[in-house]
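Engineer: requesting a structural model of the entry that follows:
(chains A, B, C and D)
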Protein chains: 4
Amino acid sequence: MNFSSDNAAGAHPKIVEALVRAAAAGPFPAYGADPITSNVEKRLSEIFERETAVFLVATGTAANALALSALTPPWGGVLCAAEAHVEIDECGAVEAISGARVMPVEAPDGRLTRAALEARVAPIRIGDQHHVQPAAVSITQATEAGTVYAPHQVGAVGDFCRDHGLHLHMDGARFANALVSIGCSPAELTWKAGVDVLSFGATKNGALAAEAVVFFKPELARDFLYRRKRAGHLFSKMRFLSAQLETYLEDGLWLANARHANALATRLAYGLVDISGIELEYPVEANELFVRLPAKVADALFAAGFHFYPWGAPPPDSETPGLFRFVTAFDSDPGAVDALIATARTAAAPAEAVEIAMADAAPVPAGDGNEAIAEIA
Amino acid sequence: MNFSSDNAAGAHPKIVEALVRAAAAGPFPAYGADPITSNVEKRLSEIFERETAVFLVATGTAANALALSALTPPWGGVLCAAEAHVEIDECGAVEAISGARVMPVEAPDGRLTRAALEARVAPIRIGDQHHVQPAAVSITQATEAGTVYAPHQVGAVGDFCRDHGLHLHMDGARFANALVSIGCSPAELTWKAGVDVLSFGATKNGALAAEAVVFFKPELARDFLYRRKRAGHLFSKMRFLSAQLETYLEDGLWLANARHANALATRLAYGLVDISGIELEYPVEANELFVRLPAKVADALFAAGFHFYPWGAPPPDSETPGLFRFVTAFDSDPGAVDALIATARTAAAPAEAVEIAMADAAPVPAGDGNEAIAEIA
Amino acid sequence: MNFSSDNAAGAHPKIVEALVRAAAAGPFPAYGADPITSNVEKRLSEIFERETAVFLVATGTAANALALSALTPPWGGVLCAAEAHVEIDECGAVEAISGARVMPVEAPDGRLTRAALEARVAPIRIGDQHHVQPAAVSITQATEAGTVYAPHQVGAVGDFCRDHGLHLHMDGARFANALVSIGCSPAELTWKAGVDVLSFGATKNGALAAEAVVFFKPELARDFLYRRKRAGHLFSKMRFLSAQLETYLEDGLWLANARHANALATRLAYGLVDISGIELEYPVEANELFVRLPAKVADALFAAGFHFYPWGAPPPDSETPGLFRFVTAFDSDPGAVDALIATARTAAAPAEAVEIAMADAAPVPAGDGNEAIAEIA
Amino acid sequence: MNFSSDNAAGAHPKIVEALVRAAAAGPFPAYGADPITSNVEKRLSEIFERETAVFLVATGTAANALALSALTPPWGGVLCAAEAHVEIDECGAVEAISGARVMPVEAPDGRLTRAALEARVAPIRIGDQHHVQPAAVSITQATEAGTVYAPHQVGAVGDFCRDHGLHLHMDGARFANALVSIGCSPAELTWKAGVDVLSFGATKNGALAAEAVVFFKPELARDFLYRRKRAGHLFSKMRFLSAQLETYLEDGLWLANARHANALATRLAYGLVDISGIELEYPVEANELFVRLPAKVADALFAAGFHFYPWGAPPPDSETPGLFRFVTAFDSDPGAVDALIATARTAAAPAEAVEIAMADAAPVPAGDGNEAIAEIA
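Structural biologist: I've put the predicted structure just below:
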């Protein structure tokens, strides 16, 4: 009963079958000169409705740091949300691979706004040799708060970048979850809104280990082959990255996986907010929930074998609800979701109150961008 | 009919089956805290007969550069053969990841000797701030010439390192091929001969993409977790690296695969050297052959659909035989080997001599090792 | 009439005379093996009352970045005030030279507090490969706000470092100004309070270009020779750095220069705060003043030829006083200070009030220190 | 009696006087926005007869590494002579500052030839992601063998660079010595022969510590301000670098200094080659001599207090003359040169042979490019 991370999941059977087939295929030229890789490149250009330059790597950290290294000189700065993966969870990979500085910007609900970006760069003297020069913005889609940038929100950041001469990177570790939540086209969510390069994630959504760095302006990718190789990220048997992505993109598997994960996150969110004393920290727009739980509820869930993480600073006292993160994945079990809700309800309520509480279930109020929840409701 | 590279091969069915199983296994903690990874760590310690610190990565370049980064400060030098992968084929990954300088040393048959190493460091003033300070030696096993270091040859380099206060790294991209060729124990070929850290390759020998960095002195690995993560080489779903290696090490699959590749290399070598005008450039001791072929033979082989590479500088004229590389793999087909020999024989010989030549063909000796082939030839 | 920066000043005549003598001295071994350099090393050990390892460089940025590179691995973090030179004014030199991440911490009056440091590191999981690991703290003395850490305030940061296993660096670009302001011993202000390494600045206080990196734990300096050389910061004719510092430290020149600069800053502060509508932003404890000036006063000063900088964000409207920085130096002219005060007074006051205001002027107190100025104002 | 290095010398009195004046000059804007720096920039453009972009730094290593960082991406290679300062004497500064790889090429008399360069790059596959890509050539003028590239020899390297799409850097630590030796114009020796950027050295030739990075294609310098600052090489009181160079370039001081050093090197060469058993290793074309001395001569010189260095590998036995380096400087004393010659003569000859030997003095045979010697002769 895993709600700890979409990284704790296995891989989708169809994607593994693709590896079985690729393993038995005839000899292929190494390093990406194989037909499966070509096909993935072609598919991604189709999906994004424009010419792209595509480079496959195995980890999201590699995708992000390498992509950003193509967008910034070593004396550049990469603006991102204060909670962004590139800032918090990659042990300085951006600095290590690009030399640049990560410049965190407060983003209360996970989404960078133009105003916050403007405030961050205002004191920086552009062209002054003493100052690290802003070079790129990196936004995370879906965000680290489980929210999703709508196209116009990406576009606001894109406008900021255009006006300041910066490049725009999207860390799409959960791009599919964001996309199906918003319901727009991949193009609308990326280059049409100003994104220059996308870390297109598949690992969290059913692949074993496969990400694509997708450049919407191929000229930015001119040196990328060297960057990838030099960082040790060029696969010799590239077919095994591309076979994952080929199947991931086939027959909408990537979208179906994401819909499943999102739907269960929504189901979980509905179930939990309906329980007295439990509150959502952020709108649930993709496959992550950040939830305030009374200690007795959290304890009961852990005791029942549910895996999930406490998040952020611990609460000041045992009376204050703590913050916890729940993540659903392509393979999450609806039964486990329901069991979790039931366990939480029992733990939260005085025995006699359970039935009443269920009757009270109020609809989740519509809010900005909470499409995924609204859809199911 | 691939003889171009062991990277052009697919993957062994058992290893892919392991992925199928791992994909369907229950949720596992991410980033290596799973039971398969633990098992691989344990198995490698058993195989090498001592406590080791093991870190899995997906590419050989990552394994080499990260391993070396733990052995040298940025102002250090890494001595290696002039043809070493870290010098020639990794686009400066050692420099990129460790900051150190690669210091190539001539190694005519691929093997570094103590004398050559001594000559290389002699003019360097140790402790002089102006000079890059030798910090490590990296040897390739099997070598880039298709030869193999015997334990006493590794030991000679190990003695050099000990006497000069350097660390010793082994790039074991083809470690299994070397091991079965020599017929000693893994321990004898590594730490007992002075090796501090091994890039233990599996990709070229039947895995999809899996290498292990094996530290024989765990204290050298103290910071390795940060190095790996920061370089983008930490897999979230680590199970998919470890499942490959678990099966690779199970029931001697790694040794069987290497024996197969080596045996076919030997078979090919026997067949070719028996043909007039064809000569081996180096002894064939693992799964690579470097062969001088008359132009008409090379042309005939290419025309017949065999894939292999011209190697090094082109010959000065069409009369001089050119150098070519042939590589066998875990899945090479004996029939293709025989067909290649037959095609070469036909192309080499005057028409009337073909039948005689075929009758002369010496039987391929049974066995895994092929130490003496050049001498026999 | 320069109040723009202590970098705009020339150099003290005695220090230049030292260069004249050094230039004519007999041949000396290059790269620091000369008697003047030895003498500087000895003098600094005497001044700091303990064995030190001393390395001379020409710029403060080099001193800071090289010093910090000895205190942090590339995956480490360097905590510093949000306004610190290493964060704001060095174009990412710390990152470039050490690989580490600069982690700014809010420090409203320029001084880092233990509480702010604790809050900054609280969410970082120590030993977790995903997180940049705090490795060092860098404090600036005097601070970027013109304030000074008293020994107990340095000690509070030192305690934090000790308790968290971090190293402590002091950016002493204005160390002399801080020292004479506090009136304690150099040892009390540094290693006795937990400082591991000091960037001991001389350039801003009368030298041409000379800084010393002073390690109080010589074992931390083991590799520093290589770091300095490799960064291009080893002077061949080292005598010309050491001659500056030898004279700087001789007969208390460094302290006298700093006292002069501080005294004039105090004099200026007294004069300005006495004027209606002018306020100090921070206590004036060294040789920098941050002053809120009505627009008409600032305009009058600029018109009269005084050089100084607007600071931080511009005021929202012309009614709100703007923030400006004034810096005094070893060679500042008391007459210029008085002229500045007079000009400001005239500009600030209604015409009829000028004479009265001048009669009110409080006498500038004698003395070097200026600890209490803000309170007096 | 220093013949150990031009780095062991002091500084020219006129240059120090310039510092005295600059120190007392009024306040100047920091970081290079001062009139002296502007004047140096203007003078260098005049001297080189074209628009240049000029950046001052204090050390030759900084000049070289920063200049090269503007010419190569991190995955680039910098071809240079095997004995070049950037390869041997800078502790990996090029790698540290640019990320690129130094690629040494044999240059028996110190000069790179087109043939040697072609041979070095021949096996490198241009555009292949596995290979470090040649990006620049760095030549040293005068060379590390004390020889000088004539314009046509620079041009041959320039042609190689042009044909291969590489940039050309000249390490002119002893540029003045080379220039007066050749007797051509600064333009002819640099950009007219294909040089893109020059490390214009002054330190070895009379300055205290001052070098100029001179870009002949200003567009290559676009980011140089950031590179310099970020490496800690931006002087705040820039006037003190520029004052040195201003005087250095004034009234031909730089040429006069170099002529003096070269003339004494020639005088020393004539004196020594005239002694039986003493031989020059290379033509003496600037201010360095590499001389084979019998052990008894070397011993006698050391005993008499002459300072100079043994060079390269020690001789196999005491009968074989060893190699030694002698360097003259702007302030070398002709009397010391004559005393050295006399001491060597006495030590070399049997007592009765001394007078005869002096009578035998033969003219130095004309050799390729030995202009400086020929001129004086």
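Engineer: does the longest strand seen in chain A come close to chain D?
Structural biologist: Residue-count comparison of every strand in chain A, with assignments taken from DSSP state E, identifies strand A:133-140 as the longest. Yes - counting by C-beta under 8 Å from any C-beta of the partner chain, contacts between strand A:133-140 and chain D involve A:Gln133. Yep, even glycine has a C-beta here, placed from its N, CA and C like the rest.
Engineer: and that strand, is it in reach of chain B?
Structural biologist: No - judged by C-beta under 8 Å from any C-beta, strand A:133-140 stays clear of chain B, getting no closer than 14.7 Å.
Engineer: what does that strand contact?
Structural biologist: For strand A:133-140, contacts defined as C-beta atoms under 8 Å, 6 or more residues apart in numbering or on different chains pick out A:64, A:68, A:71-73, A:75-81, A:84-86, A:100, A:103, A:110-112, A:117, A:121, A:124, A:126-127, A:149, A:154, A:157, A:160-161, A:164, A:166-171, A:173, D:226.
Engineer: what lines up beside that strand in the sheet?
Structural biologist: Each strand paired with strand A:133-140, and its direction, by DSSP bridges: strand A:76-81 (parallel), strand A:167-172 (parallel).
Engineer: looking at those, which is buried most?
Structural biologist: Taking mean count of other C-beta atoms under 10 Å in any protein chain shown as the contact definition, the stretch among the strands paired with strand A:133-140 with the greatest mean neighbour count is strand A:167-172, which reaches a mean of 28.
Engineer: distance between it and the chain's centre?
Structural biologist: Between the centre of strand A:167-172 and the centre of its host chain there is 11 Å, according to C-alpha atoms, centre = their mean, to the nearest Å.
Engineer: also stretch A:37-52?
Structural biologist: Here stretch A:37-52 is found 21 Å from its chain centre; the criterion is C-alpha atoms, centre = their mean.
Engineer: do stretch A:162-171 as well
Structural biologist: 18 Å.
Engineer: helices and strands around the longest helix seen in chain A, which ones?
Structural biologist: Among the elements of chain A assigned as helix by DSSP state H, the one spanning the most residues is helix A:253-273. Helices and strands in packing contact with helix A:253-273 are listed as helix A:175-182, strand A:279-280, strand A:288-293, strand A:322-327, helix A:334-348, helix A:371-376; criterion 3 or more C-beta pairs under 8 Å, 6 or more residues apart in numbering or on different chains; DSSP states H and E.
Engineer: from the chain's centre, how far out does that helix sit?
Structural biologist: Distance of helix A:253-273 from its chain centroid, counting by C-alpha atoms, centre = their mean, is 14 Å.
Engineer: the stretch 51-200 of chain A against chain B: which residues are in contact?
Structural biologist: Counting by C-beta under 8 Å from any C-beta, the positions of the stretch 51-200 of chain A adjacent to chain B are A:57-66, A:90-93, A:96-97.
Engineer: hmm, 10 Å instead?
Structural biologist: When proximity is defined as C-beta under 10 Å from any C-beta of the partner chain, the stretch 51-200 of chain A approaches chain B at A:57-66, A:89-97, A:173.
Engineer: also the stretch 201-350 of chain A?
Structural biologist: A:203-204, A:206-209, A:211, A:225-241, A:243, A:307, A:329, A:331-332.
Engineer: can you list the domains in chain A?
Structural biologist: Domain assignment for chain A by automatic domain parsing gives A:6-251, A:254-376.
Engineer: could I get the ones you listed as a markdown table with mean pLDDT?
Structural biologist: Written out in a markdown table, the entries for the domains of chain A read as follows (pLDDT from 0 to 100):
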| stretch | mean pLDDT |
| --- | --- |
| domain A:6-251 | 97 |
| domain A:254-376 | 84 |
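Engineer: buried deepest among these, which one?
Structural biologist: domain A:6-251 (a mean of 23).
Engineer: quick one: end-to-end distance for that domain.
Structural biologist: One end of domain A:6-251 sits 22 Å from the other (C-alpha to C-alpha, to the nearest Å).
Engineer: distance between it and the chain's centre?
Structural biologist: Here domain A:6-251 is found 10 Å from its chain centre; the criterion is C-alpha atoms, centre = their mean.
Engineer: nearest residue to A:Phe306 other than its sequence neighbours?
Structural biologist: Closest residue in space to A:Phe306, ignoring its immediate chain neighbours: A:Met1 at 4.9 Å, by C-beta to C-beta, 6 or more residues apart in numbering or on different chains.
Engineer: now the one you found: how far from B:Pro35?
Structural biologist: A:Met1 sits 18 Å away from B:Pro35 when distances are taken as C-beta to C-beta, to the nearest Å.
Engineer: go on, A:Leu340?
Structural biologist: For A:Leu340, the distance to B:Pro35 under the criterion C-beta to C-beta works out to 24 Å.
Engineer: for chain D, what are the nearby residues on chain A?
Structural biologist: So far as C-beta under 10 Å from any C-beta goes, chain A lies against chain D at A:31-32, A:69, A:73-76, A:99, A:127-133, A:223-230, A:234.
Engineer: and with 6 Å instead?
Structural biologist: Residues of chain A found near chain D (C-beta under 6 Å from any C-beta of the partner chain) are A:75, A:129, A:225-226, A:229-230.
Engineer: just the closest of those residues to D:Leu179, please.
Structural biologist: Nearest to D:Leu179, judged by C-beta to C-beta, of the residues of chain A next to chain D is A:Gln129 at 31.0 Å.
Engineer: could you find the closest non-adjacent residue to that closest one?
Structural biologist: Closest residue to A:Gln129 apart from its sequence neighbours, by C-beta to C-beta, 6+ apart: D:Leu225 at 3.9 Å.
Engineer: quickly find the element holding that neighbour.
Structural biologist: D:Leu225 belongs to helix D:224-230 when assigned by DSSP states H and E.
Engineer: after that helix, next one along is what?
Structural biologist: helix D:239-248.
Engineer: close to chain C, is that following helix?
Structural biologist: Yes - with C-beta under 6 Å from any C-beta as the measure, helix D:239-248 is seen reaching chain C through D:Phe240.
Engineer: for that helix, packing partners?
Structural biologist: In this structure, helix D:239-248 makes packing contacts with helix D:13-24, helix D:35-47, judged by 3 or more C-beta pairs under 6 Å, 6 or more residues apart in numbering or on different chains; DSSP states H and E.
Engineer: for those, which one sits closest to chain B?
Structural biologist: helix D:13-24 (25.4 Å; C-beta to the nearest C-beta).
Engineer: what is the orientation angle of that closest one with helix C:239-248?
Structural biologist: Orientation of helix D:13-24 against helix C:239-248 (axes from the mean of the first three to the mean of the last three C-alpha atoms, to 10 degrees) gives an angle of 40 degrees.
Engineer: packing partners of helix D:13-24?
Structural biologist: On the basis of 3+ C-beta pairs under 6 Å, 6+ apart, helix D:13-24 makes packing contacts with helix C:13-24, helix D:239-248.
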